[in-house]
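Engineer: Attaching a predicted model along with its sequence, questions to come.
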There are 2 protein chains.
Amino acid sequence: MVSNSLKHTGHDHPRPRSAAVVDDIVFHLGQLGYRDTEPRRLVISAVAAQSRPFTAEELCTSLPCVGRATVYRGLRLLVETNQVCRVLLEDRELRYQLSHQGHHHHLLCAVCGVSADLEGCNVEESLRAAAAAAGFRMSGHWLEVYGSCINCAAA
Amino acid sequence: MVSNSLKHTGHDHPRPRSAAVVDDIVFHLGQLGYRDTEPRRLVISAVAAQSRPFTAEELCTSLPCVGRATVYRGLRLLVETNQVCRVLLEDRELRYQLSHQGHHHHLLCAVCGVSADLEGCNVEESLRAAAAAAGFRMSGHWLEVYGSCINCAAA
DNA sequence: CATATTATTGATACTGTATATCAGTATACG
DNA sequence: CGTATACTGATATACAGTATCAATAATATG
């Protein structure tokens, strides 16, 4: 199996980058006891090929030979294992995206749909403090930021 | 009509508080051209009677003599006119709540479901700055904070 | 006050997203 | 290899919310 011979460094060139990402994820899932199957690889490939947040239905459409249920299950598995993160649009539409870091938030362009990771913003601590002031012990939060990206703001 | 004789101060005692809230909202809607109808008043009353965030379906159940569509429409109208705000639970369940301020965020207890307004937390500015650093012009955001309230944290 | 106008209602059907079921299949592992 | 079992996918189902549209009720107008 290819994935067993892979070093799990995240820099396994010369293979095409997206293929390396797929192997990476399959390897990681393997360590958690999940099997390496063709439909699952197809789902992961399709996820890795997206350039911006996508919906589950879009993924189903782009994978006509994989069952709907399998697409949804694959996506859920990837979210649960922190390989993919969920982003919520302003209209509450749920989209998905390959996850590149641990916990972080997204900037979402309302025009073109592109997303960027929100860097250098430490809201956690001030939220926790404000929560404590109201007698709450904070355990989590959901934050999405909407706007227009540099390209769309120009036009 | 009662609502026409009401001063719109938000402190119209001696009437029971929730009734005053209902009249208040009906009056406000009237100024926007919306009619004062029995089903709509029932919806507003039921909303005002809730002590914590509720779902649309819960409202339908508590109002068996009002049609589902009417409950949903009423709720939507109240959200659009900023009388009611929407809160999102961690599992993406959507709930509603009477709105007491302008723009603000909520602390939600994951145990008992109670909510508190998040005070003294000015995330807007740091979000805007972080967005600008990534070349985004921020236009909005969605933020919910989860945890346990003072009572549930004790138990 | 009668009446015209128009917003509102509610039964129903429908849409879209997501999960449950379950027999058949493919995978991993000894 | 062969077996235990995770996985698949067709289908049915659940669920939240909206669209339709004829009937009705609320307001404006003469």
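Structural biologist: Received it, and whenever you're ready, just let me know what you need.

Engineer: CA only for contacts and neighbour counts going forward, please
Structural biologist: Fine.

Engineer: and the longest helix along chain A, which residues are buried?
Structural biologist: In chain A, taking DSSP state H as the definition, the longest helix is helix A:17-31. Buried residues in helix A:17-31, counting neighbours by 16 or more other C-alpha atoms under 10 Å in any protein chain shown, are found at A:Ala19, A:Ala20, A:Val21, A:Val22, A:Asp23, A:Asp24, A:Ile25, A:Val26, A:Phe27, A:His28, A:Leu29.

Engineer: Show me what that helix is packed against.
Structural biologist: On a contact count with 3 or more C-alpha pairs under 8 Å, 6 or more residues apart in numbering or on different chains; DSSP states H and E, helix A:17-31 meets helix A:2-5, helix A:38-49.

Engineer: all strands of chain A, in order?
Structural biologist: Here chain A has its strands, by DSSP state E, at A:84-88, A:94-98, A:106-109, A:115-117, A:137-148.

Engineer: just those: most buried one?
Structural biologist: strand A:106-109 (a mean of 26; mean count of other C-alpha atoms under 10 Å in any protein chain shown).

Engineer: which residues touch it?
Structural biologist: For strand A:106-109, the surrounding residues in contact (C-alpha atoms under 8 Å, 6 or more residues apart in numbering or on different chains) are A:87, A:89, A:114-118, A:143-149, A:152, B:131, B:136.

Engineer: do stretch A:74-81 as well
Structural biologist: Contacts of stretch A:74-81 (C-alpha under 8 Å, 6+ apart): A:Leu29, A:Arg40, A:Val43, A:Ile44, A:Ala56, A:Val84, A:Cys85, A:Arg86.

Engineer: Quick check: the farthest pair among the residues you listed?
Structural biologist: Distance extremes for the contacts of stretch A:74-81: the farthest pair is A:Leu29 and A:Ala56 at 20.1 Å, using C-alpha to C-alpha.

Engineer: So A:Ala131 sits against A:Arg137, correct?
Structural biologist: Yes. Proximity of A:Ala131 to A:Arg137 meets the contact threshold set by C-alpha atoms under 8 Å, at 6.5 Å.

Engineer: next one: phi and psi at A:Cys112?
Structural biologist: The phi and psi values for A:Cys112, taken as degrees, to the nearest 10, are phi -100, psi -10.

Engineer: near DNA strand C, which residues of chain A?
Structural biologist: Residues of chain A found near DNA strand C (C-alpha under 7 Å from any atom of the strand) are A:35-38, A:55-57, A:68-69, A:72-73, A:76, A:94.

Engineer: Go through those residues and say which is closest to chain B.
Structural biologist: A:Leu94 (9.5 Å; C-alpha to the nearest C-alpha).

Engineer: so what's that closest one bridging to?
Structural biologist: Beta-bridge partners of A:Leu94, counted by DSSP bridges, are A:Leu88.

Engineer: Quick check: it touching A:Glu58?
Structural biologist: No. Applying C-alpha under 8 Å as the test, A:Leu94 and A:Glu58 come out as separate, 11.5 Å apart.

Engineer: I appreciate the help and will end here.
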